[in-house]
Each structure stands twice: as C-alpha cells, then as structure tokens.
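S.K.: Got a predicted structure plus its sequence, pasted below:
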Amino acid sequence: MNDNTGPSSDRNAGADFRAMAVTAARLADAKKAEDIRIYDAGKRSPLTDFLLVATVDNPAQLEAVEEEISVTFKKDGFYAGHRDGVQSRHWRVLDYGGLIVHLFEKAARESFSFDSIYAGYPTVKWQARPARAGSAGKKARRPAAARKPAARKPAARKKAVKRSPRSGRK
C-alpha cells in the first residue's frame, strides 16, 4: 500500500482499499453504471493503490452513482479527501487516498482515452450483482398470465313505478 500523506489518507487510515474498490464497483453497478473496471495501481502509482473507472449514460445517473458511493462510504467512516468535477455534467472524481473513483459519461471517457492510460495495469475482478442469500436452488418465477377483463354483468332492470293519474287534466 502507498504511504499517502493527504487528508484522505489520514481519515481513511487502515482502510482496505481493495475492498472499498469492490464495494464502489458494486454500488455503481447497482445504479446501472457500465464498463466498470478496477485497476490495481499499487506498484506503479505514487498517488493511489486502486483506480475505479465507470461509465454512466447521463448527468442524472452521474449524480446518482456519485451520491451512492459517497453516502455509503460516509456511513462506513470513509471520506473523500478531494473531489473534482463537481460542476461538470460529464465527469467526476472522488479521491479516498488509496482509491480514486472516476465516473465518466461515455463520450468523455472515450475523449480522455482513460483506459488506454492504464492498459498495462492489472485489473481486480469483482462480482457484478451478487446473488441474493437464500435464492439458490429456487426456480425462476414465470410471469403472471395476462388477466382478462372482468365480464360485466348486465345492469339490473329497475322496476317500473306506477304513476298516479294526474288530476285536473282533461
């Protein structure tokens, strides 16, 4: 692990950055981010141990993925020492010291050729959408049959009311 001296490394001292990277990847995946990769930069970078890169479709999804990662890590006591791209609608960076998270829209990721920079770095495997506990061995549910509209009963006939003859008419 790197011996980072920035504010995020002080706050996140003792963190398992590999586990954090896998958690961040799963959180991004849960928010439908795509092409999620974790690069192991520990032996090659003086800045960080792991880099997570993910692609989002639009600014709203960018916000959602960033918020999901930030809120989850804050609950666990981990804080980003630096953020960048807060005003950008196409790219965000969260720096946790030993983990740097990059979130890009597809065009921005291609424009920066980000993955080609880290092409020689080893990647960390992570399981996308882990299976739910207790779901092993269960049969897949069949979709419900289409319901037919309820047959309508004919309206009940009202009884005829006998009117009294009108008086005074001739």
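M.R.: Here it is on my side, so go on.
S.K.: rest of the way, CA atoms for contacts and neighbours
M.R.: Fine.
S.K.: what residues are up against the residue positioned nearest the centre of the chain?
M.R.: For the chain, residue 31 is the residue whose C-alpha lies nearest the centre (CA atoms, centre = their mean; 1.7 Å). Listed by CA atoms under 8 Å, 6 or more residues apart in numbering, the contact partners of residue 31 are 61, 64, 65.
S.K.: Residue 102 looks like it's in a strand, true?
M.R.: Yes: looking at residue 102 with DSSP: H, G, I helix; E, B strand; the rest coil, it is inside a strand.
S.K.: show me where the chain has strands.
M.R.: Here the chain has its strands, by DSSP state E, at 34-40, 50-56, 82-84, 91-95, 99-105.
S.K.: quick one: which of the ones you listed is nearest residue 75?
M.R.: Nearest of the strands of the chain to residue 75, taken as CA to CA: strand 91-95 at 15.8 Å.
S.K.: tell me the angle the closest one makes with strand 50-56.
M.R.: Per axes from the mean of the first three to the mean of the last three CA atoms, to 10 degrees, the angle that strand 91-95 makes with strand 50-56 is 150 degrees.
S.K.: so what strands line up beside strand 91-95?
M.R.: Each strand paired with strand 91-95, and its direction, by DSSP bridges: strand 82-84 (antiparallel), strand 99-105 (antiparallel).
S.K.: quick one: low-confidence ranges for this structure?
M.R.: Applying pLDDT under 70 to the chain flags residues 1-14, 128-155, 158, 163-170.
S.K.: Quick one: the helices in the protein, in order.
M.R.: Assigned by DSSP state H, the helices in the chain fall at 7-11, 17-30, 59-75, 106-112, 114-117.
S.K.: out of those, nearest to residue 89?
M.R.: Closest among the helices of the chain, using CA to CA: helix 59-75, at 5.2 Å.
S.K.: What angle do strand 99-105 and that closest one make with each other?
M.R.: 160 degrees.
S.K.: Flag every buried residue along helix 59-75.
M.R.: 61, 62, 63, 64, 65, 66, 69, 70, 73 (16 or more other CA atoms under 10 Å).
S.K.: Thought residue 93 was touching the second one, still the case?
M.R.: Right, residue 62. No: Residue 62 is beyond contact range of residue 93, at 10.8 Å (criterion: CA atoms under 8 Å).
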